[in-house]
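[1] model this:
(one chain, ligands or ions: 1)
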Amino acid sequence: MEQDHSPSPIVILEAINHRYSGATEAALKDINLTVPAGSCFGLLGPNGAGKTTLISLLTGIIAPQNNKQSLQGRIQISGFDYLNDAQRIKTISGLVPQDYAFYPALTGRENLQFFAGLYNIAASQLLDRIDYCVAVCGLEKVLDQRAETYSGGIKRRLNIALGLLNKPKILYLDEPTVGIDAQSRYFILQAIRQLKASGMTIVYTSHYMEEVEQICDEVAIIDHGEVLLQASMATLLMNERKLVLTPEQPLTPATLAILQAKIAVDWDGAHMTVELGLNQVISDVLLLIEQAGIVINKMHFGSSSLEQIYLQATHRKLRQ
Ligand SMILES: Nc1ncnc2c1ncn2[C@@H]1O[C@H](COP(=O)(O)OP(=O)(O)OP(=O)(O)O)[C@@H](O)[C@H]1O
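    Numbers count the residues shown, from 1 in each chain. Purely as a prediction, here's the structure:
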(Lines give C-alpha, C1' and ligand atoms only; values in the text may rest on other atoms or scores of the structure.)
Protein backbone atom coordinates (compact mmCIF):
# COMPACT_ATOMS: atom_id res chain seq x y z
CA MET A 1 0.00 0.00 0.00
CA GLU A 2 1.24 3.50 -0.88
CA GLN A 3 0.91 6.20 1.78
CA ASP A 4 2.15 9.73 2.15
CA HIS A 5 1.31 11.22 5.51
CA SER A 6 0.53 14.91 5.74
CA PRO A 7 1.85 16.76 8.77
CA SER A 8 -1.18 17.39 11.01
CA PRO A 9 -3.82 14.67 10.90
CA ILE A 10 -7.18 15.33 12.55
CA VAL A 11 -8.29 11.70 12.14
CA ILE A 12 -5.91 8.82 12.77
CA LEU A 13 -6.93 5.22 12.23
CA GLU A 14 -4.50 2.47 13.12
CA ALA A 15 -5.11 -1.17 12.27
CA ILE A 16 -8.91 -0.86 12.41
CA ASN A 17 -11.04 -3.93 11.84
CA HIS A 18 -14.80 -4.19 11.90
CA ARG A 19 -17.04 -7.19 11.37
CA TYR A 20 -20.84 -6.87 11.38
CA SER A 21 -22.44 -9.39 13.71
CA GLY A 22 -23.28 -12.54 11.82
CA ALA A 23 -21.12 -11.57 8.81
CA THR A 24 -18.60 -14.13 7.59
CA GLU A 25 -16.17 -11.49 6.32
CA ALA A 26 -14.90 -8.33 8.01
CA ALA A 27 -16.22 -5.10 6.44
CA LEU A 28 -13.01 -3.25 7.42
CA LYS A 29 -9.65 -5.00 7.53
CA ASP A 30 -6.56 -3.49 9.08
CA ILE A 31 -7.42 0.08 8.03
CA ASN A 32 -4.63 2.62 8.45
CA LEU A 33 -5.57 6.15 7.42
CA THR A 34 -4.83 9.73 8.35
CA VAL A 35 -7.03 12.68 7.41
CA PRO A 36 -5.10 15.97 7.31
CA ALA A 37 -6.75 18.76 9.30
CA GLY A 38 -8.51 21.30 7.09
CA SER A 39 -8.40 19.06 4.03
CA CYS A 40 -11.13 17.80 1.77
CA PHE A 41 -10.50 14.07 1.98
CA GLY A 42 -11.98 11.83 -0.71
CA LEU A 43 -12.88 8.29 0.25
CA LEU A 44 -13.28 6.25 -2.92
CA GLY A 45 -14.23 2.67 -3.55
CA PRO A 46 -16.70 0.47 -5.42
CA ASN A 47 -20.06 -0.63 -4.01
CA GLY A 48 -19.56 -2.61 -0.83
CA ALA A 49 -15.95 -1.44 -0.39
CA GLY A 50 -16.57 -0.30 3.20
CA LYS A 51 -16.89 3.49 2.83
CA THR A 52 -20.20 3.84 4.67
CA THR A 53 -19.04 1.41 7.36
CA LEU A 54 -15.95 3.52 7.92
CA ILE A 55 -17.95 6.76 8.13
CA SER A 56 -20.50 5.09 10.41
CA LEU A 57 -17.71 4.02 12.72
CA LEU A 58 -16.09 7.45 12.80
CA THR A 59 -19.38 9.25 13.49
CA GLY A 60 -20.58 6.81 16.14
CA ILE A 61 -23.48 5.42 14.08
CA ILE A 62 -21.85 2.09 14.80
CA ALA A 63 -21.59 2.94 18.48
CA PRO A 64 -18.18 2.73 20.14
CA GLN A 65 -19.58 0.93 23.18
CA ASN A 66 -20.69 -1.89 20.87
CA ASN A 67 -17.18 -2.03 19.53
CA LYS A 68 -15.21 -2.37 22.73
CA GLN A 69 -15.10 -6.11 22.19
CA SER A 70 -14.79 -6.19 18.41
CA LEU A 71 -12.73 -3.05 17.73
CA GLN A 72 -9.06 -3.73 17.43
CA GLY A 73 -6.62 -0.95 16.70
CA ARG A 74 -6.88 2.73 17.55
CA ILE A 75 -8.96 5.69 16.38
CA GLN A 76 -8.10 9.22 17.40
CA ILE A 77 -10.13 12.21 16.25
CA SER A 78 -8.96 15.74 16.95
CA GLY A 79 -6.83 14.40 19.79
CA PHE A 80 -9.75 12.48 21.37
CA ASP A 81 -9.63 8.75 21.86
CA TYR A 82 -12.52 7.00 20.10
CA LEU A 83 -13.47 4.64 22.90
CA ASN A 84 -12.96 7.00 25.85
CA ASP A 85 -14.09 10.33 24.37
CA ALA A 86 -16.99 9.26 22.15
CA GLN A 87 -19.24 12.09 23.33
CA ARG A 88 -16.68 14.81 22.62
CA ILE A 89 -16.01 13.32 19.20
CA LYS A 90 -19.75 13.49 18.49
CA THR A 91 -19.89 17.19 19.31
CA ILE A 92 -17.20 18.03 16.75
CA SER A 93 -18.51 15.74 14.00
CA GLY A 94 -21.28 16.30 11.47
CA LEU A 95 -22.75 13.58 9.28
CA VAL A 96 -24.59 13.92 6.00
CA PRO A 97 -25.77 10.38 5.27
CA GLN A 98 -26.51 8.87 1.88
CA ASP A 99 -30.22 8.65 2.68
CA TYR A 100 -32.37 11.68 3.38
CA ALA A 101 -32.35 12.31 7.11
CA PHE A 102 -35.31 14.69 7.48
CA TYR A 103 -39.07 14.56 7.94
CA PRO A 104 -40.72 14.99 4.53
CA ALA A 105 -43.96 16.36 5.96
CA LEU A 106 -42.16 19.17 7.81
CA THR A 107 -40.88 22.33 6.13
CA GLY A 108 -37.16 22.95 5.81
CA ARG A 109 -37.33 25.44 8.69
CA GLU A 110 -39.26 23.00 10.92
CA ASN A 111 -36.73 20.26 10.18
CA LEU A 112 -33.83 22.57 11.04
CA GLN A 113 -35.53 23.72 14.24
CA PHE A 114 -36.38 20.15 15.28
CA PHE A 115 -32.89 18.75 14.71
CA ALA A 116 -31.23 21.83 16.24
CA GLY A 117 -33.17 20.95 19.40
CA LEU A 118 -31.22 17.69 19.60
CA TYR A 119 -27.96 19.60 20.00
CA ASN A 120 -27.13 21.68 23.03
CA ILE A 121 -27.20 24.94 21.11
CA ALA A 122 -27.76 27.97 23.36
CA ALA A 123 -31.14 29.61 22.67
CA SER A 124 -29.36 32.89 21.91
CA GLN A 125 -27.38 31.19 19.13
CA LEU A 126 -30.14 29.07 17.65
CA LEU A 127 -31.46 31.48 15.04
CA ASP A 128 -27.99 32.49 13.91
CA ARG A 129 -27.01 28.83 13.60
CA ILE A 130 -30.05 28.00 11.47
CA ASP A 131 -29.40 31.09 9.34
CA TYR A 132 -25.82 29.91 8.82
CA CYS A 133 -26.97 26.45 7.63
CA VAL A 134 -29.62 27.99 5.38
CA ALA A 135 -27.12 30.40 3.83
CA VAL A 136 -24.41 27.77 3.18
CA CYS A 137 -26.96 25.52 1.51
CA GLY A 138 -28.97 28.24 -0.28
CA LEU A 139 -32.34 27.25 1.17
CA GLU A 140 -33.79 30.70 1.74
CA LYS A 141 -36.51 30.49 -0.92
CA VAL A 142 -37.81 27.05 0.03
CA LEU A 143 -37.52 27.26 3.79
CA ASP A 144 -41.27 27.36 4.46
CA GLN A 145 -42.24 24.68 1.96
CA ARG A 146 -42.65 21.07 3.00
CA ALA A 147 -39.49 19.05 2.35
CA GLU A 148 -41.41 16.41 0.36
CA THR A 149 -42.10 19.05 -2.30
CA TYR A 150 -38.39 19.78 -2.85
CA SER A 151 -36.47 18.69 -5.94
CA GLY A 152 -33.77 16.03 -5.47
CA GLY A 153 -31.06 18.69 -5.44
CA ILE A 154 -32.78 20.80 -2.77
CA LYS A 155 -33.40 17.68 -0.65
CA ARG A 156 -29.66 16.96 -0.79
CA ARG A 157 -28.98 20.56 0.26
CA LEU A 158 -31.37 20.26 3.22
CA ASN A 159 -29.58 17.03 4.20
CA ILE A 160 -26.28 18.94 4.22
CA ALA A 161 -27.78 21.85 6.18
CA LEU A 162 -28.85 19.41 8.90
CA GLY A 163 -25.33 17.98 9.09
CA LEU A 164 -24.00 21.50 9.71
CA LEU A 165 -26.26 22.34 12.65
CA ASN A 166 -23.60 21.69 15.29
CA LYS A 167 -21.03 23.65 13.21
CA PRO A 168 -18.78 20.59 13.15
CA LYS A 169 -15.01 20.59 12.97
CA ILE A 170 -15.23 17.56 10.68
CA LEU A 171 -18.05 17.04 8.24
CA TYR A 172 -18.62 13.57 6.77
CA LEU A 173 -20.50 13.59 3.48
CA ASP A 174 -21.62 10.21 2.19
CA GLU A 175 -22.27 10.58 -1.56
CA PRO A 176 -23.88 14.01 -1.30
CA THR A 177 -24.40 14.51 -5.03
CA VAL A 178 -26.09 11.25 -6.04
CA GLY A 179 -28.92 11.63 -8.54
CA ILE A 180 -29.10 15.41 -8.83
CA ASP A 181 -28.99 17.90 -11.68
CA ALA A 182 -25.83 19.71 -12.78
CA GLN A 183 -26.85 23.02 -11.20
CA SER A 184 -27.37 21.53 -7.74
CA ARG A 185 -24.19 19.50 -8.10
CA TYR A 186 -22.28 22.71 -8.85
CA PHE A 187 -23.92 24.46 -5.91
CA ILE A 188 -23.01 21.64 -3.50
CA LEU A 189 -19.40 21.49 -4.68
CA GLN A 190 -19.12 25.26 -4.21
CA ALA A 191 -20.61 24.94 -0.71
CA ILE A 192 -18.06 22.25 0.15
CA ARG A 193 -15.23 24.51 -1.07
CA GLN A 194 -16.62 27.33 1.07
CA LEU A 195 -16.80 25.09 4.15
CA LYS A 196 -13.24 23.93 3.59
CA ALA A 197 -12.09 27.53 3.18
CA SER A 198 -13.64 28.28 6.59
CA GLY A 199 -11.30 25.67 8.13
CA MET A 200 -13.66 22.70 8.30
CA THR A 201 -12.25 19.25 7.52
CA ILE A 202 -14.37 17.43 4.96
CA VAL A 203 -14.47 13.65 4.51
CA TYR A 204 -16.29 12.93 1.31
CA THR A 205 -17.32 9.69 -0.38
CA SER A 206 -18.33 9.72 -4.00
CA HIS A 207 -18.52 7.59 -7.10
CA TYR A 208 -17.89 10.65 -9.26
CA MET A 209 -14.16 10.76 -9.97
CA GLU A 210 -14.20 14.12 -11.69
CA GLU A 211 -15.85 15.69 -8.63
CA VAL A 212 -13.30 14.19 -6.29
CA GLU A 213 -10.50 15.35 -8.57
CA GLN A 214 -11.92 18.88 -8.47
CA ILE A 215 -12.49 19.33 -4.76
CA CYS A 216 -10.38 16.85 -2.78
CA ASP A 217 -6.79 17.44 -1.82
CA GLU A 218 -6.20 14.01 -0.29
CA VAL A 219 -7.60 10.67 -1.43
CA ALA A 220 -7.86 7.13 -0.12
CA ILE A 221 -9.05 4.26 -2.29
CA ILE A 222 -10.57 1.33 -0.44
CA ASP A 223 -11.89 -1.99 -1.66
CA HIS A 224 -13.00 -5.19 0.08
CA GLY A 225 -12.53 -3.32 3.37
CA GLU A 226 -8.85 -2.61 2.74
CA VAL A 227 -7.01 0.63 1.98
CA LEU A 228 -5.35 0.24 -1.40
CA LEU A 229 -3.79 3.66 -1.51
CA GLN A 230 -3.68 7.01 0.30
CA ALA A 231 -2.02 10.06 -1.21
CA SER A 232 -2.45 13.76 -1.75
CA MET A 233 -4.18 14.54 -5.03
CA ALA A 234 -1.15 16.56 -6.18
CA THR A 235 1.22 13.65 -5.55
CA LEU A 236 -1.13 11.17 -7.13
CA LEU A 237 -1.56 13.09 -10.35
CA MET A 238 2.02 14.38 -10.40
CA ASN A 239 3.37 10.85 -10.10
CA GLU A 240 1.66 10.07 -13.33
CA ARG A 241 3.32 12.76 -15.45
CA LYS A 242 4.10 10.94 -18.65
CA LEU A 243 5.38 12.11 -22.02
CA VAL A 244 4.58 9.73 -24.86
CA LEU A 245 6.49 10.37 -28.11
CA THR A 246 6.26 8.69 -31.48
CA PRO A 247 9.57 9.06 -33.39
CA GLU A 248 9.78 9.12 -37.18
CA GLN A 249 12.24 6.19 -37.15
CA PRO A 250 12.50 3.30 -34.67
CA LEU A 251 15.12 3.86 -31.99
CA THR A 252 18.37 1.91 -32.24
CA PRO A 253 19.61 0.17 -29.07
CA ALA A 254 22.59 2.56 -29.03
CA THR A 255 20.38 5.69 -29.14
CA LEU A 256 18.10 4.24 -26.46
CA ALA A 257 21.11 3.55 -24.23
CA ILE A 258 22.33 7.15 -24.64
CA LEU A 259 18.91 8.51 -23.67
CA GLN A 260 18.46 6.09 -20.79
CA ALA A 261 21.71 7.34 -19.29
CA LYS A 262 20.05 10.76 -18.94
CA ILE A 263 16.27 10.28 -18.61
CA ALA A 264 13.77 7.59 -17.51
CA VAL A 265 12.60 6.43 -20.93
CA ASP A 266 10.96 3.18 -22.11
CA TRP A 267 10.73 2.02 -25.71
CA ASP A 268 8.01 -0.39 -26.86
CA GLY A 269 9.09 -0.57 -30.50
CA ALA A 270 6.86 2.32 -31.58
CA HIS A 271 6.58 4.81 -28.68
CA MET A 272 8.96 6.33 -26.19
CA THR A 273 7.44 6.85 -22.77
CA VAL A 274 9.27 9.32 -20.56
CA GLU A 275 8.40 9.46 -16.85
CA LEU A 276 8.94 13.07 -15.84
CA GLY A 277 10.36 13.66 -12.39
CA LEU A 278 8.79 16.27 -10.10
CA ASN A 279 11.27 18.97 -11.12
CA GLN A 280 11.80 17.87 -14.69
CA VAL A 281 10.76 20.28 -17.44
CA ILE A 282 9.37 18.98 -20.75
CA SER A 283 11.48 21.36 -22.85
CA ASP A 284 14.71 19.94 -21.31
CA VAL A 285 13.62 16.41 -22.19
CA LEU A 286 12.71 17.41 -25.75
CA LEU A 287 16.09 19.12 -26.15
CA LEU A 288 17.91 15.94 -25.11
CA ILE A 289 15.88 13.94 -27.60
CA GLU A 290 16.60 16.40 -30.38
CA GLN A 291 20.33 16.34 -29.51
CA ALA A 292 20.22 12.52 -29.86
CA GLY A 293 19.11 13.09 -33.48
CA ILE A 294 15.56 11.80 -33.00
CA VAL A 295 12.77 13.39 -35.04
CA ILE A 296 9.41 13.28 -33.29
CA ASN A 297 6.19 12.86 -35.27
CA LYS A 298 3.67 12.84 -32.44
CA MET A 299 3.67 13.84 -28.81
CA HIS A 300 1.24 13.44 -25.93
CA PHE A 301 1.71 14.77 -22.42
CA GLY A 302 -0.62 14.53 -19.52
CA SER A 303 -1.24 13.16 -16.11
CA SER A 304 -3.53 10.20 -15.72
CA SER A 305 -6.98 11.10 -14.56
CA LEU A 306 -8.03 10.03 -11.08
CA GLU A 307 -10.33 7.55 -12.78
CA GLN A 308 -7.39 5.81 -14.48
CA ILE A 309 -5.53 5.66 -11.17
CA TYR A 310 -8.64 4.32 -9.48
CA LEU A 311 -9.15 1.62 -12.10
CA GLN A 312 -5.52 0.56 -11.84
CA ALA A 313 -5.86 0.31 -8.06
CA THR A 314 -9.17 -1.56 -7.90
CA HIS A 315 -9.15 -3.42 -11.23
CA ARG A 316 -12.84 -2.67 -11.58
CA LYS A 317 -15.27 0.09 -12.32
CA LEU A 318 -17.07 2.15 -9.73
CA ARG A 319 -20.45 0.57 -10.28
CA GLN A 320 -20.51 -2.94 -11.66
N1 LIG B 1 -25.62 -3.51 8.63
C2 LIG B 1 -24.84 -4.40 8.00
N3 LIG B 1 -24.81 -5.69 8.40
C4 LIG B 1 -24.03 -6.60 7.78
N5 LIG B 1 -23.21 -6.31 6.74
C6 LIG B 1 -23.21 -5.05 6.31
C7 LIG B 1 -24.00 -4.02 6.91
N8 LIG B 1 -23.78 -2.85 6.26
C9 LIG B 1 -22.86 -3.14 5.30
N10 LIG B 1 -22.52 -4.44 5.32
C11 LIG B 1 -21.53 -5.11 4.46
O12 LIG B 1 -20.27 -4.51 4.71
C13 LIG B 1 -19.53 -4.33 3.49
C14 LIG B 1 -19.21 -2.85 3.31
O15 LIG B 1 -20.42 -2.15 3.05
P16 LIG B 1 -20.51 -0.55 2.97
O17 LIG B 1 -21.96 -0.19 2.92
O18 LIG B 1 -19.69 0.02 4.04
O19 LIG B 1 -19.82 -0.26 1.55
P20 LIG B 1 -19.80 1.08 0.69
O21 LIG B 1 -18.42 1.22 0.20
O22 LIG B 1 -20.35 2.20 1.49
O23 LIG B 1 -20.77 0.74 -0.53
P24 LIG B 1 -21.76 1.73 -1.38
O25 LIG B 1 -20.90 2.49 -2.30
O26 LIG B 1 -22.64 0.76 -2.09
O27 LIG B 1 -22.51 2.59 -0.40
C28 LIG B 1 -20.41 -4.92 2.39
O29 LIG B 1 -19.99 -6.25 2.16
C30 LIG B 1 -21.80 -4.87 2.98
O31 LIG B 1 -22.59 -5.91 2.44
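
[2] and R74, what is it in contact with?
    Going by C-beta atoms under 8 Å, 6 or more residues apart in numbering, R74 touches 12-16, 81-82. Every C-beta, even on glycine, is put in place using the N, C-alpha and C of the backbone.

[3] What is the nearest of those to the ligand?
    Ranked by distance to the ligand (C-beta to the nearest ligand atom), these are led by I16 at 12.9 Å.

[4] What strand or helix carries the closest one?
    strand 9-18 (DSSP states H and E).

[5] Check V35 too.
    strand 28-36.

[6] for the helix or strand that comes right after that strand, what is the average pLDDT?
    The helix or strand immediately downstream of strand 28-36 is strand 40-44, counting by DSSP H and E. Strand 40-44 comes out with an average pLDDT of 95.

[7] Please report how far T314 lies from E307.
    The spacing between T314 and E307, counted by C-beta to C-beta, to the nearest Å, is 11 Å.

[8] Hmm, P9 and N32 touching each other?
    No. Assessed by C-beta atoms under 8 Å, N32 is found out of contact with P9, at 11.3 Å.

[9] domain ranges for this structure?
    As given by the TED database, the domain ranges for the chain are 9-237, 241-302.

[10] Could I get the full set of strands for the stretch 51-200 of the chain?
    72-77, 80-81, 93-96, 170-174 (DSSP state E, counting those that start in this stretch).

[11] oh, I was asking about the stretch 201-320 of the chain
    Using DSSP E, counting those that start in this stretch, the strands of the stretch 201-320 of the chain run over 201-205, 218-223, 226-232, 242-247, 265-267, 272-275, 296-302.

[12] Could you dump those strands into JSON lines and include distance to V96, mean pLDDT and mean neighbour count?
    Converted to JSON lines, the strands of the stretch 201-320 of the chain look like this (distance: least, C-beta to C-beta, whole Å; pLDDT from 0 to 100; neighbours: other C-beta atoms under 10 Å):
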{"stretch": "strand 201-205", "distance to V96": "9", "mean pLDDT": "95", "mean neighbour count": "25"}
{"stretch": "strand 218-223", "distance to V96": "18", "mean pLDDT": "94", "mean neighbour count": "24"}
{"stretch": "strand 226-232", "distance to V96": "22", "mean pLDDT": "92", "mean neighbour count": "20"}
{"stretch": "strand 242-247", "distance to V96": "37", "mean pLDDT": "87", "mean neighbour count": "17"}
{"stretch": "strand 265-267", "distance to V96": "45", "mean pLDDT": "91", "mean neighbour count": "16"}
{"stretch": "strand 272-275", "distance to V96": "39", "mean pLDDT": "88", "mean neighbour count": "18"}
{"stretch": "strand 296-302", "distance to V96": "34", "mean pLDDT": "83", "mean neighbour count": "11"}
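
[13] okay, those strands in CSV with distance to V142 next?
    Converted to CSV, the strands of the stretch 201-320 of the chain look like this (distance: least, C-beta to C-beta, whole Å):
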stretch, distance to V142
strand 201-205, 24
strand 218-223, 33
strand 226-232, 37
strand 242-247, 47
strand 265-267, 56
strand 272-275, 51
strand 296-302, 42
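
[14] Output the ones you listed as JSON lines; include the columns distance to the ligand.
    Formatted as JSON lines, these follow (distance: least, C-beta to the nearest ligand atom, whole Å):
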{"stretch": "strand 201-205", "distance to the ligand": "7"}
{"stretch": "strand 218-223", "distance to the ligand": "7"}
{"stretch": "strand 226-232", "distance to the ligand": "11"}
{"stretch": "strand 242-247", "distance to the ligand": "30"}
{"stretch": "strand 265-267", "distance to the ligand": "35"}
{"stretch": "strand 272-275", "distance to the ligand": "32"}
{"stretch": "strand 296-302", "distance to the ligand": "29"}
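
[15] To N47, which of those strands lies closest?
    Distance to N47, taken as C-beta to C-beta, is lowest for strand 218-223 among these, at 10.2 Å.

[16] which other helices and strands contact the closest one?
    strand 28-36, strand 40-44, strand 226-232, helix 233-238, helix 306-314 (3 or more C-beta pairs under 8 Å, 6 or more residues apart in numbering; DSSP states H and E).

[17] so does the second one get close to the ligand?
    No. Taking C-beta under 6 Å from any ligand atom as the criterion, strand 40-44 and the ligand are apart, separated by no less than 8.4 Å.

[18] Which secondary structure elements does that strand sit against?
    helix 51-58, helix 182-197, strand 201-205, helix 209-215, strand 218-223.

[19] Show me what the third one is packed up against.
    Using 3+ C-beta pairs under 8 Å, 6+ apart as the contact criterion, the elements in contact with strand 201-205 are strand 9-18, strand 28-36, strand 40-44, helix 51-58, strand 170-174, helix 182-197.

[20] circling back to that earlier point, quickly run through the sheet partners of the strand holding V35, with directions.
    Strand pairing for strand 28-36, determined by DSSP bridges: strand 9-18 (antiparallel).
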